[in-house]
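> structure, please.
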Amino acid sequence: MRRNSRLTENDLSRIIRKVLNEQETDFDLKKTVMDTSGFEESDIPSECLGGDPNLSQIEMVQGCIDKITDKSTALTNTIKALSNSLSQLKK
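Predicted coordinates for the structure are as follows:
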């Protein structure tokens, strides 16, 4: 059974601050305090996995935030469209 996790903007900010304060050389979403057990490997954007030596930690974290926000927005729009369809079908 899949488990979904939700993050607020404050949660994400706290995670980012913690990662940046730890001064790790590589940013890896799986090493943060966020539980990623609800994600498939393919669900995690490559920007969140780090490993690009040309990007700073800040650029990697910002890229990760941007990709997760894009996916979240797309999912929210899909849920709204499905909810509207369901409402119309019930009429």
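> identify each buried residue in stretch 81-91, please.
By neighbour count on 16 or more other C-beta atoms under 10 Å, the buried set for stretch 81-91 is empty. From N, CA and C alone the C-beta is placed, and that goes for glycine too.
> that stretch - what's its average pLDDT?
For stretch 81-91, the mean per-residue pLDDT is 89.
> and what of stretch 40-55?
Here the average pLDDT along stretch 40-55 is 75.
> chain center to that stretch, what's the gap?
Stretch 40-55 sits 11 Å away from the centroid of its parent chain (C-alpha atoms, centre = their mean, to the nearest Å).
> now do the same end-to-end measure for that stretch.
24 Å (C-alpha to C-alpha, to the nearest Å).
> repeat for stretch 47-57
10 Å.
> contact partners for residue 20?
57, 58, 61 (C-beta atoms under 8 Å, 6 or more residues apart in numbering).
> surely the last one meets residue 18?
No. No contact is recorded between residue 61 and residue 18 when judged using C-beta atoms under 8 Å, the distance being 10.8 Å.
> which one's more surrounded, those two?
The neighbour count for residue 61 versus residue 18, taken as other C-beta atoms under 10 Å, is higher for residue 61 (23 against 12).
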